[in-house]
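A.B. asks: This is the structure alone, sequence omitted:
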Ligand SMILES: Nc1nc2c(c(=O)[nH]1)N[C@H]1C(S)=C(S)[C@@H](COP(=O)(O)OP(=O)(O)OC[C@H]3O[C@@H](n4cnc5c(N)ncnc54)[C@H](O)[C@@H]3O)O[C@H]1N2
Ligand code: MOO
């Protein structure tokens, strides 16, 4: 196990939790709102409380395919007489008189005069003579009008994230359009003279610009409108122009690269001139350097250039900010404990997020294995992973069999 001191382990490095809390203080919920139609509402956040336009269910209906009748008509000897049928969308019309029953399907209205349904498996039919095994109680297998909620009751409150279940609930309550917070606009670009767009050949010392694509992917998963400003060459005027353009059109501007200590870029100089930016050094790996501040009215996040570092800083630091700006509550990530299948190397100093695969062994115990090299430049180990192993600052390596804290990837990294 490595015991050597980590040169990055300086008291000045800020713990990521402390950084997140400090960053959150500096952004506000963007409260502008607009009306959207239900079919365009997925991923948006409600800006108004919504009440149901209908009772739920809107009418008494059957929970089973079977027969509807009046419970008090069952005397254990005489069959009931079949007088009609009630199908979903095609109700039985009229009153079911004493001593009779109606064939009924799941979801169909319970006819007037009936208060109970028996499933067809517990019924014997001989022509129109229907012998029914008595259910446990009057009202069995009936879903009553308004048993879930009454018309006018608030169902979803302002601030609710509209996911798939909410889409269904909104339709169920008859909400075809409603007010949501407007979508955040996030402009982003890459910096670095070594970067080439995909679809071109690479010259000596050049690499493809990958960060823009992973950042765009995460922005789409975060349900914001992304504005791709491309790769900006390392030239002071080009960078200044890009920041101006980005800050004019966006609520947040994200860049990747140029936030460390190198001297080959103008990003820092331009930011110092154009905005109020702080360069942070965080006790996290990947993702030590990070820049944050404001460019006019836009929030600025400068992610480190290393591909895994840019993803991890987005996930850990930028995504919580976007959630707050969208009016969503902060949810602490779910973690669990799992057994390491191998030794892992780490130097004390920074919190590490190591890419790994979480699975269950034959005994049903959670186990976790690294996906390969943990260099901040190795993005392929992200694609194979489904979780991070979180190693706290004081950890200086672990042996196979140790219990570790694991944070499964959420939808932003999926
Ligand atoms: N002397 C020091 N050097 C470095 C330190 C340090 O503390 N002292 N920190 C290291 C750490 S940690 C990180 S992370 C990186 C971050 O550096 P920058 O944000 O300034 O990023 P660059 O130098 O521009 O690039 C780093 C690396 O990533 C590649 N890159 C950049 N952009 C992209 C992109 N859009 N797509 C794909 N790959 C990209 C770039 O070619 C470099 O290899 O600094 C360390 N250095
Ligand atoms: O933060 Mo850097 O991401 O350690 O490579």
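C.D. replies: Nice, I can see it. What you see is a predicted model, and the numbers here were worked out from it, not measured in a lab. Ligands and ions are numbered 1, 2, ... in the order given.

A.B. asks: what's the helix or strand for residue 238?
C.D. replies: helix 236-249 (DSSP states H and E).

A.B. asks: buried sites along that helix?
C.D. replies: Across helix 236-249, burial judged by 16 or more other C-beta atoms under 10 Å covers 239-240, 242-243, 245-247. Bear in mind the C-beta positions are built from the backbone N, C-alpha and C, glycine included.

A.B. asks: between those, which is closest to ligand 2?
C.D. replies: When the buried residues of helix 236-249 are compared for distance to ligand 2 (C-beta to the nearest ligand atom), residue 239 wins out at 21.7 Å.

A.B. asks: per-residue confidence for that closest one?
C.D. replies: Confidence at residue 239, expressed as pLDDT, is 89.

A.B. asks: now residue 154
C.D. replies: With respect to pLDDT, residue 154 scores 98.

A.B. asks: so who does it touch?
C.D. replies: Taking C-beta atoms under 8 Å, 6 or more residues apart in numbering as the criterion, residue 154 is in contact with 49-51.

A.B. asks: Now tell me what touches stretch 62-73 from outside.
C.D. replies: Stretch 62-73 is contacted by residues 80, 82, 86, 96, 98-108, 110-111, 113-123, 130, 132, 134-135, 137-143 when judged by C-beta under 8 Å, 6+ apart.

A.B. asks: So which bits of this structure are right by ligand 1?
C.D. replies: With C-beta under 6 Å from any ligand atom as the criterion, the chain meets ligand 1 at residues 190, 192, 194-195, 207, 209-212, 256-262, 288-289, 304-307, 309, 376-377.

A.B. asks: One more pass at 8 Å, please.
C.D. replies: Contacts of the chain with ligand 1, taken as C-beta under 8 Å from any ligand atom, map to 8, 190-192, 194-195, 207-212, 231, 256-262, 264-265, 281, 285-289, 302-307, 309-310, 376-377.

A.B. asks: Check the contact between residue 31 and residue 326; I expect there is one.
C.D. replies: No. Contact criterion C-beta atoms under 8 Å: residue 31 and residue 326 do not qualify, at 10.4 Å.

A.B. asks: any residues in contact with both of these two?
C.D. replies: Joint contacts of residue 31 and residue 326 (C-beta under 8 Å, 6+ apart) are residue 181.

A.B. asks: who's more crowded, these two?
C.D. replies: residue 326 (23 against 10; other C-beta atoms under 10 Å).

A.B. asks: For that one, give me its contacts.
C.D. replies: Shown in contact with residue 326 (C-beta under 8 Å, 6+ apart): 29-30, 45, 181, 184, 223-224.

A.B. asks: Measure how buried residue 400 is and give me the count.
C.D. replies: Using other C-beta under 10 Å: residue 400 sits among 11 other residues.

A.B. asks: Looking at the buried residues of helix 236-249, spot the one nearest ligand 1.
C.D. replies: Of all the buried residues of helix 236-249, ligand 1 sits closest to residue 239, with 12.4 Å by C-beta to the nearest ligand atom.

A.B. asks: Can you tell me the closest non-neighbouring residue to that closest one?
C.D. replies: Among residues not flanking residue 239 along the chain, residue 270 sits closest, at 4.7 Å (C-beta to C-beta, 6 or more residues apart in numbering).

A.B. asks: ok, now which ones touch the nearest residue to residue 304 once chain neighbours are set aside?
C.D. replies: Excluding the flanking residues, the one nearest residue 304 by C-beta to C-beta, 6+ apart is residue 289, at 5.0 Å. The contact partners of residue 289, taken as C-beta under 8 Å, 6+ apart, are 259-261, 279-282, 304.

A.B. asks: Please report how far residue 289 lies from residue 246.
C.D. replies: Counting by C-beta to C-beta, to the nearest Å, the gap from residue 289 to residue 246 is 20 Å.

A.B. asks: Please apply the same query to residue 185.
C.D. replies: 10 Å.

A.B. asks: wait, what's in contact with residue 46?
C.D. replies: So residue 46 contacts 156-160, 162, 178-181 (C-beta under 8 Å, 6+ apart).

A.B. asks: per-residue confidence for it?
C.D. replies: 98.

A.B. asks: so what are the domain limits for the protein?
C.D. replies: The chain breaks down by automatic domain parsing into domains covering 16-30+184-325, 34-55+149-181, 61-143, 336-408.

A.B. asks: tell me the helices in this structure, going along the chain?
C.D. replies: 16-24, 164-172, 211-221, 236-249, 267-274, 307-313, 319-325, 380-383 (DSSP state H).

A.B. asks: What are the contacting residues of the second one?
C.D. replies: Counting by C-beta under 8 Å, 6+ apart, the neighbours of helix 164-172 from elsewhere in the structure are 38, 41-42, 50, 52, 56, 155-156, 160, 162, 178.

A.B. asks: Buried ones among those?
C.D. replies: Buried members of these, scored by 16+ other C-beta under 10 Å, are 41, 50, 52, 56, 155-156, 160, 162, 178.

A.B. asks: Roughly how far does residue 76 sit from residue 83?
C.D. replies: As for residue 76, its distance to residue 83 is 21 Å (criterion: C-beta to C-beta).

A.B. asks: Which residue of those two possesses the greater neighbour count?
C.D. replies: A count of neighbours by other C-beta under 10 Å puts residue 83 above the other of residue 76 and residue 83, at 18 against 8.

A.B. asks: Please list all residues in contact with the closest residue to the more buried one other than its chain neighbours.
C.D. replies: The shortest distance from residue 83 to any non-neighbouring residue, by C-beta to C-beta, 6+ apart, is to residue 100 (4.5 Å). The contact partners of residue 100, taken as C-beta under 8 Å, 6+ apart, are 69, 73, 80-83.
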